[in-house]
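S.K.: quick one, what's the 3D model for this:
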Amino acid sequence: MPKQEGRAILWALVAGVVIATLLATKLVVEKRKLASAYQEATATLTQLQEEQARLNEELTQARETMEGQSTELASLQNELSILQTKLGQTEQELAQLRQANEHLTDQVATTTQEKEALEAKLSNLKELKLAIRDVRRKLWHQRWETWLARMREQQVDDQRRLAEGNRGYVVHNSKSTLGAAGSSSTTTLQVRVLEPQTE
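M.R.: Below you'll find the predicted structure:
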């Protein structure tokens, strides 16, 4: 895996984790708001139910004890009708809040799972990079040891050849002068060695 591609994947995973974290945080805040609204709606519903019970009781008492007061009875019936309408609206809002709360809970769970998956991928990528680095280090050490062994063998071989008396020879007219000193036709060669020049 190229180094730049690995970095791009790493940054993409980090960005994914950050975005998932921000989204999860936002969803949690929204869930808290919905929970607060749900509690308020529940309290309102309880109050309306208590008020409805009270009005029902008053209406019953009014019917029993105030049969002649039809105007007040009609007013109470009208108030009770308004309260029943409000109660129905509150129940609908409460049902919508419950549904939104369930949907938001599912989103939080999904976002949390995605965040954990991205964190796991990021962790695996770090471990893979460490493993690749370790393998490269081991391969370098193996190559270094192989080169050192070859150099030692070469030194031993050079020492052996030097001990056998081979101090080098000159090629003259495409012919080797090795062993020329022991032949019948001795050839004397003059070799001029130039000093190395600095560049």
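S.K.: which residue ranges of this protein form helices?
M.R.: 3-65, 70-163 (DSSP state H).
S.K.: average pLDDT for the first one, rounded please.
M.R.: Throughout helix 3-65, pLDDT has a mean value of 80.
S.K.: which secondary structure elements does it sit against?
M.R.: If contacts are counted by 3 or more C-beta pairs under 8 Å, 6 or more residues apart in numbering; DSSP states H and E, helix 3-65 sits against helix 70-163. (Each C-beta comes from the backbone N, C-alpha and C, glycine too.)
S.K.: pLDDT on the helix it packs on, on average?
M.R.: Summarised as a single mean, pLDDT over helix 70-163 is 84.
S.K.: before we move on, back to that, okay if I get the helices of the chain as TSV plus mean neighbour count?
M.R.: Shown next, in TSV, are the helices of the chain (neighbours: other C-beta atoms under 10 Å):
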stretch	mean neighbour count
helix 3-65	13
helix 70-163	12
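S.K.: so what's L104 closest to, chain neighbours aside?
M.R.: Once flanking residues are discounted, L104 sits nearest to K31: 4.8 Å by C-beta to C-beta, 6 or more residues apart in numbering.
S.K.: do I have it right that the one you found meets D106?
M.R.: No. Look at K31 against D106 with C-beta atoms under 8 Å: they stay out of range, at 10.7 Å.
S.K.: any idea how far A12 is from E5?
M.R.: Distance of E5 to A12, computed by C-beta to C-beta, to the nearest Å: 10 Å.
S.K.: if you could redo that for Q154, that was the one I meant.
M.R.: In terms of C-beta to C-beta, Q154 sits 50 Å off from A12.
S.K.: with E91 instead?
M.R.: Taking C-beta to C-beta, one finds E91 at 47 Å from A12.
S.K.: and for V18?
M.R.: Taken as C-beta to C-beta, the span from V18 to A12 is 11 Å.
S.K.: what do you get for K129?
M.R.: K129 sits 15 Å away from A12 when distances are taken as C-beta to C-beta.
S.K.: again, but for R150
M.R.: 44 Å.
S.K.: what does M151 give?
M.R.: To A12, M151 is 46 Å away according to C-beta to C-beta.
S.K.: what's near enough to touch Q49?
M.R.: Contact analysis of Q49 by C-beta atoms under 8 Å, 6 or more residues apart in numbering lists L87.
S.K.: from now on call the first residue 23
M.R.: Sure, I'll start numbering at 23, so the last one becomes Q71.
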